[in-house]
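Enquirer: predicted model, plus sequence, below.
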Amino acid sequence: MIVSAYQPYFAPFPGFFAKALLADVLVLLDGVQFPQRTTWLTRNRFKGDQGELWMTIPVHRSGLGLQRIDVVRISRGGNWPRKHLASLKAAYARAPFFEEHLPFLENRFGDVPETLIDLNLAVIRYLMAQFEVAARIVLQSELGIVDREPRLSVEVCRALGGRIFLAQRAAGKFLGPEPFSAAGIEFRAVALHPQAYPQLHGAFIQNLSAFDLLFTCGPKAPAILRRWLPISS
């Protein structure tokens, strides 16, 4: 079994799903500390006629100290869900496949869940289905494992019976193969190859939310995503 892991980002970039294509199980690390500064867990980039369009999910922080990701609550007051949806409609009005995914967006922004993990998980599951990613999702919180890296990923693999842990090459600098080898687990670092694709509004911008790829390329998006994979895969 091949295990991959990521924190449960909001509307992740295509590489998030490309790596998951190589795994049997995708573990979402929702039991680690929620960052106190800017984080991809609550925001991501889309593309409008003025270039990058940042979208942020407001969460409760004040007076709560350190929080685990799985307990972070969304601030559901105010008009931000309506504004986010309006911004997406304006930015992607000319995208050939935006209308197909509008019902999902309207549901998510029309009935915002209480916790960040519930929102992000719903978005990740939706995008995995659209990109035809078959990996099974497991939450760290479901496993009851609380540790720090690299022991965290090792223990996650052991709990799932994983024989291979998949990491992007850059992660090898702070994880490293030694703790995995000691546990009888193969540490496999992969280099993904980002691909350009047709975008709206001028010059190509890399690593936007995967929604951008989906809105503009529709049924061709899964094939484009697979071009990110190492040639040997």
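Expert: That came in fine, so what should we check first?

Enquirer: CA atoms for contacts and neighbours, from now on please.
Expert: Fine.

Enquirer: helices along the chain, start to end?
Expert: 14-21, 80-91, 98-110, 116-130, 140-143, 151-160, 178-182, 210-217, 221-226 (DSSP state H).

Enquirer: what about F131, how many residues nearby?
Expert: 24 (other C-alpha atoms under 10 Å).

Enquirer: can you tell me how far Q130 is from P222?
Expert: According to C-alpha to C-alpha, to the nearest Å, Q130 and P222 sit 7 Å apart.

Enquirer: for P230, same thing?
Expert: Distance from P230 to P222, by C-alpha to C-alpha: 15 Å.

Enquirer: neighbour-wise, which of the two wins?
Expert: Counted by other C-alpha under 10 Å, P230 and P222 do not tie: P222 has more neighbours, with 20 against 14.

Enquirer: low-confidence regions, the protein specifically.
Expert: Within the chain, the ranges that satisfy pLDDT under 70 run 172-173, 231-233.

Enquirer: got the end-to-end distance for stretch 151-169?
Expert: Note: stretch 151-169 ends 18 Å apart using C-alpha to C-alpha.

Enquirer: and for stretch 199-219?
Expert: 15 Å.

Enquirer: what residues sit buried inside it?
Expert: Judged by neighbour count using 16 or more other C-alpha atoms under 10 Å, the buried positions of stretch 199-219 are 199-201, 205, 207-218.

Enquirer: quick one: the closest residue to V154 other than its chain neighbours and Q130, what's the gap?
Expert: Counting by C-alpha to C-alpha, 6 or more residues apart in numbering, V154 lies nearest to F180, which is 5.9 Å off, once chain neighbours are set aside. From F180 across to Q130, the span is 32 Å (C-alpha to C-alpha).

Enquirer: looking at the two, which one has more neighbours?
Expert: Each of F180 and Q130 has its neighbours counted (other C-alpha under 10 Å); F180 has more, 23 against 16.

Enquirer: which residues sit in contact with that one?
Expert: Neighbouring residues of F180 by C-alpha atoms under 8 Å, 6 or more residues apart in numbering: V154, E186, F187.

Enquirer: and those residues as TSV, adding neighbour count and distance to Q140?
Expert: Formatted as TSV, the contacts of F180 follow (neighbours: other C-alpha atoms under 10 Å; distance: C-alpha to C-alpha, whole Å):
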residue	neighbour count	distance to Q140
V154	23	12
E186	18	20
F187	22	19
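
Enquirer: in stretch 164-175, what's buried?
Expert: I164, F165, L166, A167, Q168, L175.

Enquirer: mind putting those residues into JSON lines with distance to K89?
Expert: As requested, the buried residues of stretch 164-175 are exported to JSON lines (distance: C-alpha to C-alpha, whole Å):
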{"residue": "I164", "distance to K89": "41"}
{"residue": "F165", "distance to K89": "39"}
{"residue": "L166", "distance to K89": "36"}
{"residue": "A167", "distance to K89": "35"}
{"residue": "Q168", "distance to K89": "33"}
{"residue": "L175", "distance to K89": "40"}
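
Enquirer: which members of these are the farthest-apart pair?
Expert: I164 and L175 (13.9 Å; C-alpha to C-alpha).

Enquirer: which residue, other than its chain neighbours, is closest to T216?
Expert: T216's closest residue in space is A95 (C-alpha to C-alpha, 6+ apart), at 5.2 Å.
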